[in-house]
Each structure stands twice: as C-alpha cells, then as structure tokens.
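Trainee: Would you be able to build a 3D model of this:
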Amino acid sequence: MIETHISWVILTGDFAYKIKRPIRLPFVDYREPAARRFYCEEELRLNRRFAPELYLGVSTITRSPDRLQMDGGGVVCDYAVRMRQFASADELGRLLQHDQVQPDELTRFGRELWAVHRGIVPAAAAPRFERWRELLAENARQCVDVLRDPALRQRAAACGAGLATAATALQPLFEARAAAGCARECHGDLHISNVARIGGRLVAFDALEFDPGFRLMDVAQEVAFLSMDLCTHGYVAHGAAFLNGWLAASGDYPACELLNVCEAHWALVRAKVLEIAGAHARVDRFLAHAEQRLHPARPRLILMHGWSGSGKSWVAGQLSQLLPAVWIRSDVERYRVVSHAADAPGEDAVAAGAYSPANVAAVYRHLGAMAAHALRGGRSVIVDASFLARAQRAEFARLAVAQGASLAVIACEAPEAVLRARIGKRQRLGADASEAGVDVLRWQQTTGQAIATDERLPVIHVRTDQEDALDQALRQLHA
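Mentor: Model prediction:
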C-alpha cells in the first residue's frame, strides 16, 4: 500500500485500487462516503481523457460478516478507482533518470496532449483575469512564507513582484484567449511524475479531481507546467521537444506569450511544495528557473535557408532542442494557411498551385506573425522555410529589429545528387510533413534569389552532407 496525504493506493500486481481517505483538509472534504464516491467517479471521468487504457472503473468496497472485499457481496461501505497497475520504473521521471526516453518521444506526447485538449469542450465560464492574478500573488506569498532561508525568501518575493507586473501586461491576451475558448478543463497537475509509458507510449495520469478551479485553465498553463518541470530537472531538450510537438499540432503560437509567466508561477509552486516536503536542496533550481523566465535573455530569430532536400528541417529540429528554440515549419503551417494543393502522391505541387505567389506570400505572413508571438514571449525562434526571396528575408530582418531579437540565417547546402536522393527517400517513406518533390526543387532553383552581400545578413553556411553539419551550425551560432 502507498499512502499519500489524501489517498491510499493498494497494489495487487495486475490492478491498483485508489481509495480516498476520509479526511478534511483546506482544499478537500472526503469525510462522507457519498463525497468519496463522487470524487472517485470524477477521477475516472477526468483521467479517461488522457489514459483510457489505465483507468478501468470505480469499484465498490463491500463488507460481509468475515471480510472486506472489492466488488463483492455484502454492504457497500466505500469506493475505489480501479486502475491497471504499472511499474514505477515506467514513470517519466524514472525513464529520464535512467536515459530511457528520447526527446522525440516527448514530441509525440506533445502532439497527443493537444489531441486531448482539442477534444475538451471549452469552459462555459472562462476563468477571470482577476482570479488568475490573485492565484499568482497568493502562491508567491505562500512560497515566501514557507521558505526559511532569508536569501531564498527575498528571491521568491522578487519573483512574486515580477509575476504581478508581467501578468498585468498580459491581461488583454489572457482575456482574449479565454473568450476564444482556450480555457478548458485540463489535467491540472502535469509534471514528470504524473506521466508514464503505458503500452509503448507516454500518457498523463492522476489528473487533479478535487477542485475544478485548479484544473480550469488556459491550455498554455498546462503546457507550461510540464515544460517547466522538464527544464528544471535538466532535460531541456526533452522540454523543447514536448513544447514544439504541442505547438506544431495546435498551431497555438500565441500561447508562447503566456509561457514564461506560467512557467515562473509553476516553478514557485514546486519550490513551495519541495520546501514543505523538506527537500530544501532542490528549491534553488526552481527559484532560478522562475527568475530566468521572468528575465529572459535576448531571444534569437534564426532563419533557415536552402533548397528542398538541403537538410534545413533536420538541422532546425536538432537546434530547436539544443538551443532551445520554438521551431516553426513552413511545411506544417502551409496546411493551416492555404488549401492543400497536392493531395495525390506524385502530383506536381507547383502546377497545382501550392507555391503560387499569393499562397507563398500568405504562408510567409503567417510564419512572421507566429514568430512574433514567440519572440514577444521571450522565446528564441527558428523559422524553417526556404527563404529564397530577398523580400522574404528583408521582412524577417525587420521583424528581428522590431522584437529586439538577434538575427542569424543558416544556409544549408548539399550537392545536387544528395538533394535529389533525399527528396526521393522522403517521398518513398511518406512520413514527413514536406510535400516538396523534384518539381518543387526545379522551381526553387529557377526562381530563388541567392543571398547578396548588400543584404548585410549574418549568414552561417552549413554543408549538410558532412558528418559535423550540426557542429558547424552550433559553433558559428555561438561565435
């Protein structure tokens, strides 16, 4: 049996039974059997959205003259959530600790989390900004109150003041997103100990059932919780992969403007919990994360450049995890902006209109708008497009200046034979978002404008047919 402050979990080998303890705390009252039954049913309802294979039902605990048993005969005296038992070694925190999960698995989890979010009906009564601001202030105050070290208390107080200022600046965005349906009944407690690998894929479990106010939030707040937890535990690449998976699936790049404030808030929550639990040595890293998110370094705007098959997306994907940075792919965003012009395999995308001047202009306008959201949120951005026109590059150079970001262009290069071989392999596998075939390559080579010296762009040349291509990019970026 595992005992928590509000539950008993009985492990049987195949199944786990979670029983609500008959207690009253400031945030929950489980004293009456009817309340325990209600919250068991709530836990089942909420968690089946994330892990239906894990949450099996609500069992009755019955009393007969000689025994208590699950789902047996006799008088019903209590209730339990019945779950499929899994090994603690399969929890995400353990998997990370033992280097048994790669960033790409977090990318998939981010995409699947958005699928859950998308399926949740927007909240009828969206959270008010005043309530959110009060929540940030109250949590910061509690964090200061529990910290015993004067230096840590002072840092937490400064973070609280920073949160108040940043939140006020975000009020119009918060209210607009709430009105647009971004507030949903989320998981509410999405950290690395509440994600596990079940049936070969990562799933969230143990959603917060006892207070709707704690799980009714902007989806950006949900994403920020796990992103913060991954980063503070040292898994920055995994955090970036998760965030980019969710962003690519949702297209919700405006959420980036809320992420830093939300991550700082969750970091203070974790610092408070750790201090209460006696884990004083771990508090500093969470305070440091809150400070960094409230005072981020100058963001970068990185433009990828090159023909189809030049390795732009591979380099961009790797850099997005290592820097880290928000990765915005034209091959993904094109589907949101213009009608898909080449549905049939092998169809000429250029002739079908996917790359008409109007469509190309619309895609680049959209890429710029999404990049601006991320930069305003203090996030570095990699815009993964070909940037073959001088006017496109000039527009994004102006964007970097407007957002106070540093600018770099990574020009990916490879021999013609390599380009064609990569395009052919990509089309055979059919697993990439890019629809560009040899027809697109020919069109690019005919219409593309090489980067001229009078554009005065900081260009990094990378030979992607060489084994050290990524090191080339990183060395020059850092220089």
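Trainee: Which secondary structure element is home to the nearest residue to Pro458 once chain neighbours are set aside?
Mentor: Closest residue to Pro458 apart from its sequence neighbours, by Cβ to Cβ, 6 or more residues apart in numbering: Ala408 at 5.2 Å. Where C-beta positions appear, they are placed from N, C-alpha and C, glycine not excepted. Remark: Ala408 resides in strand 406-413, with elements defined by DSSP states H and E.
Trainee: Point out the other helices and strands that the next helix or strand after that strand packs with.
Mentor: Sequence order places helix 416-429 as the next helix or strand after strand 406-413, per DSSP H and E. Other elements packing on helix 416-429 under the criterion 3 or more Cβ pairs under 8 Å, 6 or more residues apart in numbering; DSSP states H and E are helix 438-447.
Trainee: and the helix it packs on, which residues are buried?
Mentor: Buried positions in helix 438-447, judged by neighbour count with 16 or more other Cβ atoms under 10 Å: 439-441, 443-444.
Trainee: any chance of those residues in JSON lines, plus distance to Ala164 and pLDDT?
Mentor: Formatted as JSON lines, the buried residues of helix 438-447 follow (distance: Cβ to Cβ, whole Å; pLDDT from 0 to 100):
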{"residue": "Asp439", "distance to Ala164": "55", "pLDDT": "82"}
{"residue": "Val440", "distance to Ala164": "50", "pLDDT": "82"}
{"residue": "Leu441", "distance to Ala164": "53", "pLDDT": "85"}
{"residue": "Trp443", "distance to Ala164": "52", "pLDDT": "84"}
{"residue": "Gln444", "distance to Ala164": "50", "pLDDT": "85"}
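Trainee: Output the contacting helices and strands for the lengthiest helix in the chain.
Mentor: Longest helix in the chain by number of residues (criterion: DSSP state H): helix 256-277. Contact analysis of helix 256-277 by 3+ Cβ pairs under 8 Å, 6+ apart lists helix 129-146, helix 150-169, helix 171-179, helix 219-232, helix 283-294, helix 357-376 as its packing neighbours.
Trainee: Rebuild those helices as TSV, extending it with mean pLDDT.
Mentor: Output for these, formatted as TSV (pLDDT from 0 to 100):
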stretch	mean pLDDT
helix 129-146	93
helix 150-169	96
helix 171-179	94
helix 219-232	98
helix 283-294	97
helix 357-376	96
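Trainee: what's the closest of those to Arg94?
Mentor: Arg94 lies closest, by Cβ to Cβ, to one member of these: helix 219-232, at 13.9 Å.
Trainee: could you say what helices and strands that closest one packs with?
Mentor: Using 3+ Cβ pairs under 8 Å, 6+ apart: helix 219-232 touches helix 103-119, helix 236-250, helix 256-277, helix 283-294.
Trainee: Wasn't Leu202 part of a helix?
Mentor: No - read with DSSP: H, G, I helix; E, B strand; the rest coil, Leu202 is strand and lies in no helix.
Trainee: Excluding residues flanking it in the chain, which one is nearest it?
Mentor: Phe109 (4.2 Å).
Trainee: I'd like to know how far the one you found sits from Leu230.
Mentor: Phe109 is 11 Å from Leu230, where distance means Cβ to Cβ, to the nearest Å.
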